[in-house]
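Chemist: no FASTA, just this:
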């Protein structure tokens, strides 16, 4: 290794934020950084065997996701899927999938650093999301493993419900959000949860503009 | 026709206001006219007025499907300015601005022309460059326009927020002092009254159902009140330009979109000029009645419903808070929508068509009101002479074939 | 806002979509042999229909697929969505009640704000 | 003060909690549950403000949202004062400060009243007829008079400091949205709730029950229960259903397309400061998407239009009843009833039941309901059939009314007699509140018995129930409400059984027998009659008639000419009367007159609330790169680029922005510079047809670009104009990495997907954006190779091994990086792409490694300067949507031979092949120290002639180049390409034009030498 270079330091988009909670466990908001994330484009029938072999996951139905202990596979469009895997798992996954799909009409793209994951849980998670999202998040309309690419205020993100109300402490949602929208969304969510006693995080600002 | 004046008001006041003339007649359609103008909005009535006044064509009619001034004329935020970038645009909008001056006197009808000044704000380097380019082009074209830095903006419009910590700080802006606002109904009614006095028939509640042609030439129109023979038909129907043209199987480079506007409750004077901002999506002024008059952006989808979406208004209000946080507690009193037909180059169409005797004036997008007198003036000229004059020529339809567009997106209002 | 039934993602709020203009305007394949006027037809000219209109939308935040939609532009009533490459399905839209193409109800136009005698009789 | 008008034992206010507030500085006592209006009335205060135009005294007329003109200014803090607040809708709380508005110096002595004195000279639309200046007195024009008019107009005062409160908006989906919690709404909600459907019940006031709260509690039972108990029952039932949301203090303000309804919830306004939850917004907008809507918005009483009907003390009969039964206030000591229908009689009966005095019932009708007449007789109430009030007396409050009997033609007969009274309770009938129905674009129909409009044909998924549907008998109202609730739930795919309706027993008057009288005769000539229709904007019946006579006879023209219904109340109580008067004036029926449009919002909505939480710090995402925090720490100057905030320069302490840019640009060429280039758009393109695809979207050829190599490409719109540019690298034969401009990233991706999906679905190509996967540090300058070599491993940087316009994979500290040997400055340059999470680390490694070599961070401004020295364009700066590749003199980037590409055909149109188009050139000012203004116009003469001045073009970019020691500029100039060496002039405001020589725009090339 090059002498002048120090040990790599990896920073997530929300490294400057710490997990936040509303009183009485009404709501928890935190970042889960560095999950392996890989976009797979191609027809499901083409992708299915490889994904099955590499991750053990079946292809999800439209607007759903499939998951096991190590991976989650999100449907994004009829020919686009997002595979989430363990931290630092992307090289192996990329290699394995590339090998399995060699020569097929597919695209495999590492987007591990493109998004980060916001985890929102607690009895007030839905109401908090509904301050920004136009989706119908009622348990009748949105269930565990469901997926939606949508807007949260002015931010874009992929919403997936990973935990059930039945489970302790209400539903668990994850939002995959691009690097440059992460701080905005984090702060908007705390802002929307003020009514539940969530302390408010203010967006990073203070850039000098005057000339 | 009885002239309007303060003295006449007093005389009538003493007489119980029983002696006023009708502002315009309610004529029955004649079997034929020398020309028929479709559309009783500001542009259409101005066209009729100038045809009668300047070209001696008094045997003409304005056909309006509803009530005059009921379309975009009665729905717009009445911003008057002429600080457009390209020579062709500067020519027509400044022509209009010159006609606005003294129009109230000419029509003997108070159009409440208020030259309170129009500010166009810049919020980033790109906008600064564009606006300075416009100021210079305007100056050399004889259009009044000047550059203000942020502090000068604040001095001219004290209620505006120029602090550096907002998302898109105000870096400066252009000011056209001769710009301002006027009273839309006053303009429509003033032109209608004056045109009527010159013999023009204004046919309200009369809808065009077809345009008659023989051998590729216009011979008349079918209306809900019968057939009218005429060699010249001029469409001035704003959002419905395509609908009229389709009666002759003519396709135009326009799309019709909802454009919304709203007013706040009336308050004592707080905003003394017109403020426009592209980056932050605001255009705002205060009416004489005290209402803040706020224009919103256009909806992306094509629609003839005269109804836009609430989120456009919501974003508009959030934007307003950037520049005018002091307006936060005021209340939106009334919102409405109009139909704007937008050209790809954000410039209008004033043109002959493949069908002889059929003329089109439209595609003004969000910016038509300010041009009303100029538009009517040059369109009348085109109809009378069957040839566009110097000012109208660049706005012929064939520019989309040759590629000689007048791309004014930069100078157009926030909607573009 | 509209609710748009994305063929892939289901019913979603309009804020997730981007309008993509008139549908079924195929890009000419032999533009070299076209006149300037013919080319301008493709680039600029539009029917701008008032009434039943075939248009394209892009589900920008979701599946990122373009699709077609049949909508009555006089009332904003959505009649059908269908995929790119498919023909518009046959639908029955409210026929214009006024010559200018106002539907009998839903446009908000002055001409159709109050029930007509016939409508009263019918109801 | 003793609240002399308060009736013991009546009303729903909490008499155990006294609350006082101030009005015009005077302390006013009241009780919890009072509105400003009920508290004022309890204390005998009825005059509240001045009218808009004539500044006539205005009193309380309605009891809720229907009041037309009783508005005050709340608070005096310049940041939080609220103008135009209706006293009938604002609950009182300790510390509340109310002031009368639109009057000076005081409410009772107002100079504006002069307008009143000269009223006869200020009829409707008078201002259209004067102030336009005359030929003799040109200066007597609008600009002269406007300032005075403006000062007189307006109502309350705007805050002058930023709003300290916050707002938010939330989204909700529901199965059944019930608007209005009166008897119909409660019945609808309760029945829908039983189905398990998601129900939202919206009530505008602070309590459920609606009209039931205004009825005599002893006069009515529902299922054997007193109204209050029935309401409590229903409320409790609703509370049992987890899927039901009940919102009080909430107004449905807008019914939009596809059952999207906007609600505004007043969260705090009604609470005293100490009870306001800081965590809660002041107001909240609910954006509700409902499968089904039930409208139960009740009816709005309309007054009678009679002479001098606008004095304080003239109130709607229903409002008198509401103040009495809901607030325990009898607004007058001696009340005269004036009506054309049965309902107002109930007011007389309630007043008597409460022990109040009724001066009599003046009824315009000849035939009267006998049972009622008998009841009046029993109650000792004088009845005056076939009689009209023809005038009133009293300055700040009426003290008497003048009545005359009418003949068979409805004309005044005989003499006026005087009836003493301090309150007149008026009813002209009831208008179903169809505002939201009309907003939903349903069709109205005229109801002869109500003499009003009611819902006709529905357009959206909605149904009306109760008084808003024209139904007045309580039993019927409940039935309709229940039915609506059931049907709505079923229509939303829920199953629910009907249950038995509670039986209603009431002695309340539920008949109407209305005889419409649009304007009550006064026996006086029109000009002497002051019969007001719109009490806020001072529109009189005579104004409507004048407008009609003058030809402003379409309903919209009359409205606009007279401003009828254009006040903050939007004509809620006055519009139908106005339509009636218009109809009579035109000799047609009211439905033939039609209606004006019921516009959103139903009631004015706070602008800040519409902005919601997306204001201030949350207005827009502040997009930053992984290195953003570092730039912040360096106190960089930033610039907004779309949503991005990019470092524009890094001034050292005490250094000016200009000097910083010069230093940075100098360093980048003489030693080394480093730029954060992360924001460039990046698209991963893959598929066997990728080359074909690139050939079609770029102007140049891509068939032969070998793996490992990069190429610059221009993108056009179909109109042939340059729309984007960037460098694309060939990763493998079927794999490319495209870069776009920062601003173009999103639109380019959409455009590429568009063509792939709709025009060329046959191409095997996939696109995925990777813009934010990579952080990009661009190191350039003579020392760049050395610096990069000391950090990057696995790449031989020897130019032989790693030539210009190629890329290679390497590692830094074991982390994989992709290095592009491209240049936007003309210097040797390495664009190092690293996974974004390592971006900050890599950046700091490079800074450290570069220190010994004088590596200097440079911002976007220096970048612009450097690329200009090299003559590289910036799309959006050199171009403006009207520029072809030829205009940029970049024909080299347009492949003639390859097949079609986007925009190609447009390049051969007659206008795009003109040889006198503006073309991009370099400009060297004769005075090398002078830097022209970007945007300055170029002319062909050393002097600036009088306008219009022929313009040759404009300056697109201009800088002082530290590396060339002189100013350089790029410009679009007519025929530019053929004018090399010619001199042109750059126009300036207030100064002589600046001469400049036209050169090629590669200033590092021989351009400068040639010019010298």
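Modeler: Structure's in. What do you need? Here the structure is a predicted model, which is why all the values come from computation and not from measurement.
Chemist: going by C-alpha atoms from here, please, whenever you check contacts or count neighbours.
Modeler: Fine.
Chemist: and the stretch 51-200 of chain D, which residues reach chain A?
Modeler: D:168, D:169, D:170, D:171, D:172, D:173 (Cα under 8 Å from any Cα of the partner chain).
Chemist: how close does the residue of the stretch 851-1000 of chain D found nearest chain B sit to residue D:297?
Modeler: Residue nearest to chain B within the stretch 851-1000 of chain D (Cα to the nearest Cα): residue D:935, separated by 3.7 Å. In this view, residue D:935 and residue D:297 are 58 Å apart by Cα to Cα, to the nearest Å.
Chemist: so between the two, which is more surrounded?
Modeler: residue D:297 (30 against 24; other Cα atoms under 10 Å in any protein chain shown).
Chemist: still on that earlier bit, filter the residues of the stretch 51-200 of chain D next to chain A down to the ones in strands?
Modeler: Those of these mapping onto strands are D:168, D:169, D:170, D:171, D:172, D:173, per DSSP state E.
Chemist: top of those by neighbour count?
Modeler: residue D:169 (25 neighbours).
Chemist: contacts only, for that one.
Modeler: By Cα atoms under 8 Å, 6 or more residues apart in numbering or on different chains, the residues touching residue D:169 are A:131, D:284, D:285, D:286, D:287, D:609, D:610, D:612, D:613.
Chemist: same thing with residue B:152?
Modeler: Taking Cα under 8 Å, 6+ apart as the test, what residue B:152 contacts is residue B:172.
Chemist: do that again at 10 Å, thanks
Modeler: Contact partners of residue B:152, counting by Cα atoms under 10 Å, 6 or more residues apart in numbering or on different chains, are B:158, B:172, B:173.
Chemist: I'd say the second one and residue B:155 touch.
Modeler: No. Under the criterion of Cα atoms under 10 Å, residue B:172 lies out of contact with residue B:155, with a separation of 11.7 Å.
Chemist: determine the number of other residues adjacent to the residue nearest to residue D:222 when sequence neighbours are not counted.
Modeler: Nearest residue to residue D:222, sequence neighbours excluded (Cα to Cα, 6 or more residues apart in numbering or on different chains): residue D:504, at 4.5 Å. Applying other Cα under 10 Å, we find 17 residues neighbouring residue D:504.
Chemist: so who does residue D:504 touch?
Modeler: Neighbours of residue D:504 in contact, by Cα under 10 Å, 6+ apart: D:220, D:221, D:222, D:223, D:224, D:225, D:227, D:473, D:474, D:475, D:476, D:478.
Chemist: can you tell me which of these end up in helices?
Modeler: D:227, D:474, D:475, D:476, D:478 (DSSP state H).
Chemist: please look at the first one and residue D:326 and confirm they touch.
Modeler: Read that as residue D:227. No. Under the criterion of Cα under 10 Å, residue D:227 makes no contact with residue D:326, lying 12.0 Å away.
Chemist: what's the neighbour count on residue B:390?
Modeler: Neighbours around residue B:390, by other Cα under 10 Å: 12.
Chemist: let me redo that: residue C:89
Modeler: 12.
Chemist: now do the helices in chain C.
Modeler: Under DSSP H, chain C gives helices at C:36-43, C:117-122.
Chemist: residues from chain C in reach of chain A?
Modeler: Contact residues (Cα under 10 Å from any Cα of the partner chain) of chain C with chain A: C:8-17, C:59-65.
Chemist: what about stretch A:204-211, average pLDDT?
Modeler: Taken as a whole, stretch A:204-211 has a mean pLDDT of 83.
Chemist: wait, is residue B:211 part of a strand?
Modeler: Yes. Residue B:211 sits within a strand when classified using DSSP: H, G, I helix; E, B strand; the rest coil.
Chemist: what helix or strand is the closest residue to it other than its chain neighbours on?
Modeler: In space, and not counting its chain neighbours, residue B:211 is closest to residue B:221: 4.3 Å by Cα to Cα, 6+ apart. For residue B:221, the host element (DSSP states H and E) is strand B:217-223.
Chemist: buried ones in that strand, by neighbour count?
Modeler: Across strand B:217-223, burial judged by 16 or more other Cα atoms under 10 Å in any protein chain shown covers B:218, B:219, B:220, B:221, B:223.
Chemist: could you measure from the first one over to residue D:168?
Modeler: Note on residue B:218: its distance to residue D:168, by Cα to Cα, is 57 Å.
Chemist: same question, the second one
Modeler: Between residue B:219 and residue D:168 the computed distance is 59 Å (Cα to Cα).
Chemist: residue contacts, residue A:144?
Modeler: Here residue A:144 is in contact with A:64, A:65, A:160, A:161, A:162, A:163, A:164, A:165, A:171, A:172, A:173 (Cα under 10 Å, 6+ apart).
Chemist: tell me which parts of chain A are close to chain B?
Modeler: Near chain B, when you scan chain A using Cα under 10 Å from any Cα, you find A:205, A:206, A:207, A:208, A:209, A:210, A:211.
Chemist: can you confirm the first one is in a helix?
Modeler: No. Counting by three-state DSSP, residue A:205 is not found in a helix; it is coil.
Chemist: picking up where we left off before, can I get the contacts of residue A:144 in CSV including pLDDT, distance to chain C and neighbour count?
Modeler: Shown next, in CSV, are these (pLDDT from 0 to 100; distance: Cα to the nearest Cα, whole Å; neighbours: other Cα atoms under 10 Å in any protein chain shown):
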residue, pLDDT, distance to chain C, neighbour count
A:64, 98, 10, 20
A:65, 98, 13, 26
A:160, 98, 13, 24
A:161, 98, 16, 23
A:162, 97, 19, 19
A:163, 95, 21, 19
A:164, 91, 22, 17
A:165, 85, 24, 15
A:171, 96, 22, 23
A:172, 97, 21, 23
A:173, 98, 17, 25
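Chemist: in helices, which of those residues appear?
Modeler: Using DSSP H, no member of the contacts of residue A:144 sits in helices.
Chemist: next, format the residues you listed as JSON lines and append distance to chain D.
Modeler: As requested, the contacts of residue A:144 are exported to JSON lines (distance: Cα to the nearest Cα, whole Å):
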{"residue": "A:64", "distance to chain D": "20"}
{"residue": "A:65", "distance to chain D": "20"}
{"residue": "A:160", "distance to chain D": "18"}
{"residue": "A:161", "distance to chain D": "18"}
{"residue": "A:162", "distance to chain D": "22"}
{"residue": "A:163", "distance to chain D": "21"}
{"residue": "A:164", "distance to chain D": "18"}
{"residue": "A:165", "distance to chain D": "15"}
{"residue": "A:171", "distance to chain D": "17"}
{"residue": "A:172", "distance to chain D": "19"}
{"residue": "A:173", "distance to chain D": "17"}
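Chemist: which of the residues you listed fall within strands?
Modeler: A:65, A:160, A:161, A:162, A:163, A:172, A:173.
Chemist: mind telling me what element the closest residue to residue D:305 other than its chain neighbours is part of?
Modeler: Take residue D:305 and drop its neighbours on the chain: the residue closest to it by Cα to Cα, 6+ apart is residue D:519, 5.0 Å away. Using DSSP H and E, residue D:519 sits within no helix or strand.
Chemist: so what's residue D:519 up against?
Modeler: Counting by Cα under 10 Å, 6+ apart, residue D:519 touches D:304-307, D:428, D:531-533, D:541, D:577-578, D:580-581, D:584.
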